[in-house]
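Trainee: Quick check, what structure comes out for this input:
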Amino acid sequence: MIVLVGRYPVQAQTPSVLAKGTWYKVAVTESGIYRIDAKKLREMGINLAGLNPKNLQMYGNGGAMLPQNNALSRPDDLIQLAIWVKGEEDSRFDESDALYFYAEGPHVVRYGRTQNSFTHQINAYSDSSYYYLTFGTQPGLRIQERASSTTAESMAVEEFDDYWFHEAESVNLLQSGREWWGEYLGIAGQVHLKVDLPGVVPNSVALLRGAGIAAAQVPTRLLWQVNGQGVGEQSQGTVTTYRYDLRAQRSEKSYSFRIGATPPSTFDVGVELDKNGQSNAQAYLDYAALQVKRQLRAYPAQQIYRFLPTAQSSVSYSFKDIPMDWQWWDISEPLYPQRGTLVRSSDGTAKYGASDGKKVRTYLGFSSAQAKAPLSWQKVANQNLHELPVPQLLIITPEAWKTEAHRLAEFRQNNDGLSTVVVTTAHVFNEFSAGKPDPTAIRDLVRYLYRQNPGRLRYLLLFGDATYDYKNRSGTQSAAQQRQWVPVYESRESLHPVFTYSSDDYFGFLDDYEGEWLESAAGDHTLDLGVGRLPVKSREEARVVVDKLIHYGSSPQALGRWRNRISFVADDGDGNIHQQHADLLANQIQDQFLTQRLFVDAFPRLVSPEGVKTPDLNATIRQRINEGTLILNYTGHGGTTGWAEEQILTLADMQTVRGYNNLPLLLTATCEFGRYDDPALVSEPS
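Mentor: Purely as a prediction, here's the structure:
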């Protein structure tokens with residue numbers, strides 16, 4: 001039974017399909033028909049003797065990112081796909097037999113009703129989709145045949161819409177946010193993209209959609225061309241050189257243009273930056289997309305055929321040059337494709353009638369030899385997060401740090417009386433996002449457990465470091481490192497240094513209509529449980545942090561009067577707002593704790609070659625850490641290396657202070673000091 005999380009009620013816990021059986025996970029990088037033959041099965045270590053192909057089953061969830069909004073439905077476990085197993089009729093898997101399935105790639109094309117055209121969505125978290133092969137004890141789900149049905153009023157359809165897009169993800173200007181940009185236009189000033197599109201309908205109307213970003217102090221333009229002919233331009237807004245201003249302006253536009261009487265088979269899509277006299281103007285291509293009409297026929301490679309809604313329900317698809325083994329699959333429902341029965345003629349043409357003309361439809365045509373091979377495979381052990389007992393504390397960790405995570409869990413159970421469960425990121429992704437490392441899968445697991453017993457689950461601990469570079473576009477991470485992250489939520493905003501952010505709060509937004517989290521007041525949500533992270537990135541760091549937490553929570557040496565002290569540190573400037581905020585916080589708790597205000601302008605300044613310093617305040621803060629303070633709270637300016645322009649607390653200070661028996665809780669309202677999503681930087685040490 002599949003339980004839909006969102007507007008549908010959660011039912012009693014049921015086991016994951018991965019709980020039993022033998023499973024293999026295969027990876028694909030693009031949408032299409034894939035084949036697993038006898039050779040591939042043997043490569044997986046599967047003994048074909050006695051294998052009944054009728055019991056072969058494939059599971060998956062498609063390739064797109066999970067919806068953020070909790071109100072939108074999504075499967076919370078793997079779904080069985082409808083597949084075709086050639087030669088299964090004799091209940092043996094022979095050398096000529098093969099399993100064929102449709103796999104949706106990670107980057108998907110969708111219909112836009114407003115513009116009556118197609119768009120695409122890049123998966124921000126993965127360049128692969130995953131599908132799961134298993135051997136059931138009962139026959140698996142198979143593709144259903146759909147007979148051709150035509151009427152005298154059927155509208156003849158002899159062309160389809162093809163949608164091509166190019167979106168390279170190479171650059172993240174801020175090392176923050178989920179948006180990445182493609183080819184650089186600042187030096188050569190132009191980019192040309194070649195795309196093979198044979199069979200384009202002469203004199204038809206095509207659509208070019210393009211987007212880019214530009215950084216200049218004067219208005220600039222992006223000039224678009226197709227096959228050397230200008231089709232449109234878009235203006236790029238200006239930016240300033242102020243440190244905290246937008247780094248670039250993004251623009252996006254669509255252009256209609258007419259194809260010539262003799263269309264080429266290869267199209268050249270060009271974009272050029274008009275710098276408007278500013279030689280150091282910079283720009284990056286975001287994406288280019290081309291939607292064209294093509295003839296409805298077979299092509300050298302398997303082909304996806306898209307059809308916009310028509311005014312008539314009954315349509316008759318008419319094909320040319322169709323090989324005898326060519327198949328026509330309706331993939332409008334990607335998990336449940338259907339095979340259309342073609343009515344063939346001796347001249348190589350064929351027809352297929354359907355009553356779906358008023359709907360957006362997607363078909364795929366292919367010959368068996370055109371099927372693709374999965375990129376890779378791996379065996380998957382049994383797992384069953386769906387029947388976990390709901391804990392008070394849930395710890396999510398990569399496999400690499402699981403031993404230390406279990407050690408901490410045991411301490412929390414024995415010392416604090418918290419029922420605790422440790423799960424790995426790989427297990428979460430297998431069950432809740434079909435293998436893709438999608439942060440929403442973590443939120444969906446948390447929500448699944450929370451809804452089983454809303455009053456019980458209280459804490460979520462993410463045991464591992466994070467990165468804004470989800471897909472290793474920078475090329476700086478090893479394969480092992482990529483498996484060691486616990487994903488963080490990154491904002492959509494990726495160009496404004498003030499409004500871009502990463503946050504683990506996302507995993508605690510569990511109410512029905514939360515989760516979309518727009519970058520505006522309308523996107524404000526409330527946390528339904530406490531969320532924390534230990535950003536460890538090695539076994540040694542994991543061991544040290546757990547040692548510290550156990551010592552802090554259990555050693556008599558860690559007790560003392562220092563736990564009654566709270567220190568408030570505040571920057572000056574900005575209308576004194578930082579000190580006002582610190583003073584307000586101190587006033588709220590001064591009846592319960594001993595408070596101390598450490599404000600920058602209360603200490604003498606020293607002008608040095610490195611700038612203005614306040615050595616006495618620097619020494620006082622180090623002393624408070626060494627002697628002990630329950631909380632060290634800072635409000636003001638800061639960066640990844642320290643607090644305030646005067647550098648009143650630096651990374652070097654934190655590496656030299658002592659006080660193992662009286663570790664403070666650091667709270668900061670500042671820029672980037674606690675940043676943990678950039679692997680190239682180490683901010684505050686553990």
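Trainee: Find the residue at the geometric middle of the chain.
Mentor: Centroid-nearest residue in the chain: Y125, 2.9 Å away (criterion: C-alpha atoms, centre = their mean).
Trainee: So, low pLDDT: which residues of the stretch 451-600 of the chain?
Mentor: Counting by pLDDT under 70, the low-confidence segments of the stretch 451-600 of the chain come to 522.
Trainee: the helices in it, which residues?
Mentor: 479-482, 539-554, 577-589 (DSSP state H, counting those that start in this stretch).
Trainee: Run the chain-centre distance for the strand ranked longest in the chain.
Mentor: Criterion DSSP state E: the longest strand present in the chain is strand 282-295. Remark: strand 282-295 is offset 22 Å from the chain centroid, using C-alpha atoms, centre = their mean, to the nearest Å.
Trainee: Could you list every helix and strand that the following helix or strand past that strand packs against?
Mentor: Heading C-terminal from strand 282-295, the first helix or strand you meet, by DSSP states H and E, is strand 303-307. Judged by 3 or more C-beta pairs under 8 Å, 6 or more residues apart in numbering; DSSP states H and E, the packing partners of strand 303-307 are strand 159-166, strand 361-366. (C-beta placed from N, C-alpha, C; glycine too.)
Trainee: and among those strands, the most buried is which?
Mentor: Of all these, strand 361-366 has the most neighbours on average by mean count of other C-beta atoms under 10 Å, namely a mean of 22.
Trainee: Report the inter-axis angle for the longest strand of the chain versus strand 159-166.
Mentor: 160 degrees (axes from the mean of the first three to the mean of the last three C-alpha atoms, to 10 degrees).
Trainee: what helices or strands is strand 282-295 leaning on?
Mentor: Looks like strand 282-295 contacts strand 117-121, strand 159-166, strand 190-196, strand 205-215, strand 220-226, strand 266-274 (3+ C-beta pairs under 8 Å, 6+ apart).
Trainee: Just give me the neighbour total for the nearest residue to Q596 once chain neighbours are set aside.
Mentor: With C-beta to C-beta, 6 or more residues apart in numbering as the criterion, Q596 has its nearest non-adjacent residue at 5.0 Å, and that residue is S567. A total of 22 residues lie near S567 under the criterion other C-beta atoms under 10 Å.
Trainee: do D196 as well
Mentor: With other C-beta under 10 Å as criterion, D196 counts 12.
Trainee: That one contacts L290, doesn't it?
Mentor: No: between D196 and L290 there is no contact under C-beta atoms under 8 Å: 11.6 Å.
Trainee: Need the overlap of contacts for those two.
Mentor: Residues touching both D196 and L290 (C-beta atoms under 8 Å, 6 or more residues apart in numbering): F267.
Trainee: All the strands of the stretch 1-150 of the chain, in order from the start?
Mentor: 23-28, 32-37, 56-60, 79-80, 84-86, 98-103, 108-112, 117-121, 129-135, 144-146 (DSSP state E, counting those that start in this stretch).
Trainee: For V421, which of these is the nearest?
Mentor: Among the strands of the stretch 1-150 of the chain, the nearest to V421 by C-beta to C-beta is strand 23-28 (22.2 Å).
Trainee: roughly how far apart are F165 and K613?
Mentor: 53 Å (C-beta to C-beta, to the nearest Å).
Trainee: again, but for S96
Mentor: 79 Å.
Trainee: So for these two, which residue has more residues nearby?
Mentor: When neighbours are counted by other C-beta under 10 Å, S96 and K613 differ, and K613 comes out ahead with 18 against 9.
Trainee: Next, find the distance separating A27 from S129.
Mentor: A27 is 7 Å from S129, by C-beta to C-beta.
Trainee: Looking at the two, which is more packed in?
Mentor: S129 (27 against 19).
Trainee: which non-adjacent residue is nearest the more buried one?
Mentor: Residue nearest to S129 in three dimensions, not counting chain neighbours: G63, with 3.7 Å by C-beta to C-beta, 6+ apart.
Trainee: ok, the one you found - contacts?
Mentor: Counted by C-beta under 8 Å, 6+ apart, G63 has contacts 28, 31, 103-108, 123, 129, 436.
Trainee: sorry, back to before: the residue nearest to the centre of the chain contacts D438, correct?
Mentor: Yes: assessed by C-beta under 8 Å, Y125 is found in contact with D438 at 4.9 Å.
Trainee: So for T641, what's the nearest residue that isn't a sequence neighbour?
Mentor: L651 (5.5 Å).
Trainee: what's the neighbour count on the one you found?
Mentor: 16.
Trainee: Mind listing the shared neighbours of A27 and S129?
Mentor: Joint contacts of A27 and S129 (C-beta under 8 Å, 6+ apart) are G435.
Trainee: returning to what we had before: a markdown table please, covering the helices of the stretch 451-600 of the chain and showing mean neighbour count and distance to L457.
Mentor: A markdown table is the format used below for these (neighbours: other C-beta atoms under 10 Å; distance: least, C-beta to C-beta, whole Å):
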| stretch | mean neighbour count | distance to L457 |
| --- | --- | --- |
| helix 479-482 | 12 | 29 |
| helix 539-554 | 16 | 20 |
| helix 577-589 | 16 | 28 |
